[in-house]
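Visitor: quick one, fold the following:
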Amino acid sequence: MSLTGRWGFRFVLGLRKMKGRLYRVQRTPMRRYGRGAGRAMAAVCISYENGFQRKAEKLSMKLDLPMVGEWQGEQLGLQQKLRRKASRQKRRNPEWVREGKEKDLGEFDYVMSVGKCLEVYSLERPFNPLKVDFQAGRAGYRIQNAVEGCDSNLIEKAVRVSHQPQIRVIDATGGLGLDAMILATRGANVTVIERCGVVFSVLQDGVIRAKQESFQHLDINVVFGDSIEYLKCYIGNVQLPNPNNNPRDHVSKLGYNDPPHVIYMDPMYPHHQQRRSGARKEMTVLRDLAGDDQDCVELLEVSLKTCLERVVVKRAIRAPPFTCAQKPLGYDLSLPGKSCRYDIYNSTRLPAV
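Guide: Residues are numbered from 1 along each chain as shown. Reported below is the predicted structural model:
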């Protein structure tokens, strides 16, 4: 087929226009939030469904987030459509003013809906509500394969779950907890630490529902706090800056004489300037809510002094390895996969005296 002549020129011009529209759709949301900005960039509020007002009030006081009243899921979905329509009109005409009597959620970017489960609605992005469900979808498929033993995961080889029963693992960058749940199904004793209040609440709700329904035997706990402060409790006596949220309360239950065998880290992947495809919905929402992980090197240094055996760091396949004072040359061993790799750092913990 020749692309010369009038019709060929129109065909090529149409492809360029279509590619430009797709590129603008992917890049427009990123311009608002910026690249590599600080933590907690998005404004979040809390709503509740019928019958869950008291639960929402407790969560609002715990996270120090404003409440906007009762909103059903259909109303939040309509609010998302109206907000996106208004943003398109604003781009076309900066002086455009919305007219209507519909309820508005102001300048909030995300709404945490409290109902039978916790869901996070994005008002600016065309996403379905985000929730943690370990029994359905992609997460349920991976966990079911891990339970049946029909899928050999690289994370299991990196952590060496099968070589030691009841191995103690700390997931220092909790996120949505999929990797921690896979390790727990393989018999590990997992503690997940998350410092973003919204992400912690959604993850804890998912773990509680999973334990109540299908995974009662799993030994997995979720802790709200900073990972560096939490791990320093194993090294020695330190003065914590926030006495109201003391990680020692949880560490004391495990015992200071029982440090973790393995510490697992899955920091936020860096932005790629030349990347054309957008990130998954979950990763985009996590970056908006928690921001980038700027203290990965410090966390790696503390982890190497804390763990008994190794530190496992999940990285993008082409990302440079982390280096620190104890490991100036980088990792000791790496297990590459298709899109990511697991860098293994042997522990530098001093023997007990």
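Visitor: where does pLDDT dip in the stretch 151-300 of the chain?
Guide: 151-152, 236-257, 269-279 (pLDDT under 70).
Visitor: ok, now with 90
Guide: Counting by pLDDT under 90, the ranges of the stretch 151-300 of the chain that qualify are 151-157, 160-166, 174-177, 185-188, 211-219, 225, 229-230, 232-259, 267-296.
Visitor: what about the strands in it?
Guide: According to DSSP state E, counting those that start in this stretch, the stretch 151-300 of the chain carries its strands in the segments 168-171, 189-194, 220-224, 262-265.
Visitor: and of those, who's closest to residue 295?
Guide: Checking the strands of the stretch 151-300 of the chain against residue 295 by C-beta to C-beta gives strand 262-265 as the closest, at 11.1 Å. Heads up, the C-betas are built off the backbone N, CA and C, glycines and all.
Visitor: residues near residue 200, how many?
Guide: Using other C-beta atoms under 10 Å, residue 200 is surrounded by 22 other residues.
Visitor: that one against residue 207, yeah?
Guide: No - the pair residue 200 / residue 207 is not scored as a contact, 10.5 Å apart, by C-beta atoms under 8 Å.
Visitor: need the residues touching each of those two.
Guide: Listed as contacting both residue 200 and residue 207 by C-beta atoms under 8 Å, 6 or more residues apart in numbering are residue 222.
Visitor: please enumerate the helices of this structure.
Guide: 5-33, 53-63, 73-92, 137-148, 154-159, 178-185, 197-213, 227-235, 248-254, 281-290, 296-306 (DSSP state H).
Visitor: buried deepest among those, which one?
Guide: helix 178-185 (a mean of 25; mean count of other C-beta atoms under 10 Å).
Visitor: put the alpha carbons of it into PDB.
Guide: Extracted C-alpha coordinates of helix 178-185, given in PDB (Å, rounded to 0.1, in the frame of the first residue of the first chain):
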ATOM      1  CA  LEU A 178       0.800  -8.200  47.700                       C
ATOM      2  CA  ASP A 179       4.400  -9.400  48.100                       C
ATOM      3  CA  ALA A 180       4.000  -9.600  51.900                       C
ATOM      4  CA  MET A 181       0.800 -11.700  51.500                       C
ATOM      5  CA  ILE A 182       2.600 -14.100  49.100                       C
ATOM      6  CA  LEU A 183       5.400 -14.600  51.700                       C
ATOM      7  CA  ALA A 184       2.800 -15.200  54.400                       C
ATOM      8  CA  THR A 185       1.100 -17.900  52.400                       C
END
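Visitor: let the chain start at 668 from now.
Guide: In the new numbering, first residue 668, that becomes helix 845-852.
Visitor: how big is the angle separating that helix from strand 856-861?
Guide: 160 degrees (axes from the mean of the first three to the mean of the last three C-alpha atoms, to 10 degrees).
Visitor: please name every helix or strand in contact with helix 845-852.
Guide: Applying 3 or more C-beta pairs under 8 Å, 6 or more residues apart in numbering; DSSP states H and E, we find helix 845-852 packed against helix 804-815, helix 821-826, strand 835-838, strand 856-861, strand 887-891, strand 929-932.
Visitor: could you give the separation of the last one from the chain centroid?
Guide: It refers to strand 929-932. 16 Å (C-alpha atoms, centre = their mean, to the nearest Å).
Visitor: which helices and strands sit right next to that strand?
Guide: For strand 929-932, the packing partners by 3+ C-beta pairs under 8 Å, 6+ apart are helix 821-826, strand 835-838, helix 845-852, helix 963-973, strand 977-983.
Visitor: listing partners with orientation, what would you give for that strand?
Guide: strand 835-838 (parallel), strand 977-983 (parallel) (DSSP bridges).
Visitor: got a list of contacts for the shortest one?
Guide: By that I understand strand 835-838. The contact list for strand 835-838 (C-beta under 8 Å, 6+ apart) reads 826, 844, 846-847, 850, 855-860, 894, 897-898, 921, 925-931, 933, 974.
Visitor: before we move on, back to that, turn the strands of the stretch 818-967 of the chain into CSV, columns for mean neighbour count.
Guide: Below are those laid out as CSV (neighbours: other C-beta atoms under 10 Å):
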stretch, mean neighbour count
strand 835-838, 24
strand 856-861, 25
strand 887-891, 20
strand 929-932, 26
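Visitor: reformat these as CSV; add distance to residue 881.
Guide: CSV is the format used below for the strands of the stretch 818-967 of the chain (distance: least, C-beta to C-beta, whole Å):
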stretch, distance to residue 881
strand 835-838, 20
strand 856-861, 17
strand 887-891, 13
strand 929-932, 23
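Visitor: just so I know, which of these lies nearest residue 730?
Guide: With respect to residue 730, and counting by C-beta to C-beta, the nearest of the strands of the stretch 818-967 of the chain is strand 887-891 at 9.5 Å.
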